[in-house]
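this one's structure only:
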């Protein structure tokens, strides 16, 4: 759509390389148009396994895949390592930090989500999270550092505080992390910290609803609850967190838990990006798109994944990878259809393949079509699906080796405090949109 | 040696868990004395492979081993995660940051070495190094970031500067890193950076002596030189670096090379630790010990590894892992001998097993006894020896898988920019002694 009379290929700019953006870019690879994928990281992160990085089951590179490797054979896809500062929808420009302006014919917004602390500044300041690899690695470092500090503490109350871990939010992320954390503590504390009695450790899982895994069938939630309790987790349902400090978490019922580690997994909301206007925002800030994932009045601007709220027959779709991937592919098809003057006839329709969550060794819950799996069967289903969806044969191999090692040897060899010296070239840019 | 009449076990404090300190602690594991190993990191790093982390061949956890895992079965060895601020040799106390004072009967100083910039502040400020895992990971991040910046640069001179890498120092570390870096650039640039012509990249290896690998037999140095040049490295011998800036390196002959990446591998010196006195320091700050690795007049204080200079028949020993390990074991034997009232009869004697350096794919040099290996034979010898000395079956397995993948697929899947969010508990303490 170049204005000077020459024919230049249609240009699609995708902002964000999470599941939605990556699926869209992959579906456009090798096609007769130009694609620019912009992300502030140079790799795609496999978010469903971030909690395993945080709990020392996997290393960060195990679940990261460089964008440039993903598009090595796609001459029409370019990667731009940058943070998008704003978009200009009228002039069809994406403004980046350091990489200049990028013009587009089609824009795909896939900037994902961030933690939602519901305007509670103390929670934002004093809780840890695991939405990104840098955060997940920090959480692992923090947990190991707590064990070391506990080993050096002279007072028992100090040791207890260092060894108390509070997880806020009993959804899949909170449940999976809690299960992995109690395994980590059990395997490591008794054997490797002779200074510390394993009974000093305490893990509390806090959920506002009347049961954990509220989005799952009730039987599965009850099973997860039983397993976690049996393994030593204190599960507090119908409990709300009021405030966090560096040394404690305060519940709305007045209870106070002394802890140096409060993990936030109780809410996320869509990211904001300067210049994105014209679409209503939902309660969790998601952009209300039409049923073809377009912004109202902007047929050339799409939103996918956590950022987008597309009304389907079953109500709003969850902020999970399967809808994001399906939406990314749908948008690619829609663009290709317009390019060939054969627009898609049907609006986006989500095919629900089910949900699952692992609780730990030999225990998971899975809800697949009408199937309800628990225990070992659910665990095998979980392992298979996650290995299958992980990108890259090498990553699959290394993850499988790590899982087998951890399972058979009952070991967590990656539990250590790693640091990276800061470098001016790679400093994290400020709060940004592209995830 | 408790003064109050009760019998408490002899206490050995080891400062630093590098090759020397770790070997000493391992030789004392399970014996009838108490051992405290103090280190500012909670893992032992396998320094000979740090350059592979810096060149995206391996991940950081591949070459790190948690101290607590190493001494899981040794009830008499305690790990103390702390930085030693000073020692009081008269009162036999080690002062730590945060972990209190530790009394000792025997003290083993194994704090290693740090970069030696020969009082040149510009080199200290503007060069990158790979003495520690945090530094090696920073270097990898930096290199990948340079490729991304080059891809975004609009001027060719800019792109050239981003793609020029200068390695100062043609010893084993410099040669090994240079060889790995040119392979990385060759594999990645052409295939994954369509924006960049591979011919823009430049690697310069600078050595002050008249040949690279000056400590190796001449034929091996010549071989390394030939291979590096053939693969595209500019080798400048008899060249000294005068000054570094953020954008260039200036040689003493007046030449200037525009580069954003200057890697220092031209000199190291022993670390300093407050309170260590009574021993002379050598040119590289090493502590001059007696022939039993003791500080003069302090029969209960030993120094091993890079920190110690022990005069042997062949002159000063190199700052490498084999002397450190042999010294650590010797000190353990000496302490055990005194404990059993059967002091060692012989002074420390170094058994030289040879040296080796890998230049890259199918090419290495090895000098083992009278054997001089180059090419494929040297390469196989190098791989075998390094896999053998790596600690931990898991680490060996994962390193082997990574090497095989990189070799067979001609790939560098770990080349990405990773970050770790800072955490107050795990912030790097200031410049410290315990490595």
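Structure received. Source: prediction; values computed, not measured.

which bits of the stretch 51-200 of chain A sit near chain B?
A:59-61, A:64-66, A:68-69, A:72, A:75, A:78, A:80-82, A:98-100, A:133-135, A:137-138, A:141-142, A:144-146, A:148-149, A:151-152, A:188, A:191-195 (Cβ under 8 Å from any Cβ of the partner chain). Just so you know, the C-beta spots here come from the backbone N, C-alpha and C atoms, and that holds for glycine as well.

narrow these to those in helices?
Of the positions in these, A:68-69, A:133-135, A:137-138, A:141-142, A:144-146, A:148-149, A:151-152, A:188, A:191-192 sit in helices, assigned by DSSP state H.

could you flag which of those are buried?
A:68-69, A:133-135, A:137-138, A:141-142, A:144-146, A:148-149, A:151-152, A:188, A:192 (16 or more other Cβ atoms under 10 Å in any protein chain shown).

ranges for the strands of the stretch 251-400 of chain A?
A:256-258, A:261-264, A:268-270, A:287-288, A:294-295, A:298-303, A:308-309, A:355-360, A:363-368, A:371-373 (DSSP state E, counting those that start in this stretch).

which other helices and strands contact the second one?
In this case it means strand A:261-264. For strand A:261-264, the contact count by 3 or more Cβ pairs under 8 Å, 6 or more residues apart in numbering or on different chains; DSSP states H and E identifies helix A:133-152, strand A:164-168 as packing neighbours.

could I get these as TSV with distance to residue A:178?
Shown next, in TSV, are these (distance: least, Cβ to Cβ, whole Å):
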stretch	distance to residue A:178
helix A:133-152	12
strand A:164-168	5
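
in TSV, list those along with mean pLDDT.
Formatted as TSV, those follow (pLDDT from 0 to 100):
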stretch	mean pLDDT
helix A:133-152	97
strand A:164-168	98
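
re earlier: quick one: closest of the strands of the stretch 251-400 of chain A to residue A:37.
When those are compared by Cβ to Cβ, strand A:298-303 sits nearest residue A:37, at 14.0 Å.

what comes up buried for the closest one?
So, applying 16+ other Cβ under 10 Å, buried residues of strand A:298-303: A:298, A:300-303.

do stretch A:76-89 as well
Quick answer for stretch A:76-89 (16+ other Cβ under 10 Å): A:76-85, A:87, A:89.

same check, this time on stretch A:121-139
Buried, per 16+ other Cβ under 10 Å, within stretch A:121-139: A:122-123, A:126-139.

now swap in stretch A:310-320 and tell me
For stretch A:310-320, by 16+ other Cβ under 10 Å, it's A:310, A:316-320.

end-to-end on that stretch?
In stretch A:310-320, first residue to last residue: 13 Å (Cα to Cα, to the nearest Å).

and if you look at stretch A:154-174?
Using Cα to Cα, first and last residues of stretch A:154-174 are 31 Å apart.

still on that earlier bit, now the buried residues of stretch A:310-320 in CSV, with pLDDT and distance to chain B?
Shown next, in CSV, are those (pLDDT from 0 to 100; distance: Cβ to the nearest Cβ, whole Å):
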residue, pLDDT, distance to chain B
A:310, 90, 32
A:316, 89, 30
A:317, 93, 29
A:318, 93, 26
A:319, 95, 22
A:320, 94, 24
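
among the residues you listed, name the ones in helices.
Using DSSP H, none of these sit in helices.

got those as a markdown table, with distance to residue B:241 columns?
Formatted as a markdown table, the buried residues of stretch A:310-320 follow (distance: Cβ to Cβ, whole Å):
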| residue | distance to residue B:241 |
| --- | --- |
| A:310 | 59 |
| A:316 | 61 |
| A:317 | 59 |
| A:318 | 57 |
| A:319 | 53 |
| A:320 | 54 |
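
looking at those residues, which one is closest to residue B:272?
Using Cβ to Cβ, the buried residues of stretch A:310-320 come closest to residue B:272 at residue A:319, 53.0 Å.

ok, for that closest one, nearest residue in space, not its chain neighbours?
Take residue A:319 and drop its neighbours on the chain: the residue closest to it by Cβ to Cβ, 6 or more residues apart in numbering or on different chains is residue A:306, 4.2 Å away.

so what's the one you found up against?
Contacts for residue A:306 (Cβ atoms under 8 Å, 6 or more residues apart in numbering or on different chains) come out as A:18, A:20, A:112-113, A:268, A:270, A:286, A:319, A:324.

check residue A:304 too.
With Cβ under 8 Å, 6+ apart, residue A:304 has these contacts: A:20-21, A:24, A:108-110, A:293, A:324, A:327-328, A:330-331.

from residue B:411, how far off is the residue in the stretch 251-400 of chain A positioned nearest to chain B?
In the stretch 251-400 of chain A, the residue that lies nearest chain B is residue A:394 (5.1 Å; Cβ to the nearest Cβ). Per Cβ to Cβ, to the nearest Å, residue A:394 is found 8 Å from residue B:411.

overlap of the contact sets of the two?
In contact with both residue A:394 and residue B:411: residue B:405, using Cβ under 8 Å, 6+ apart.
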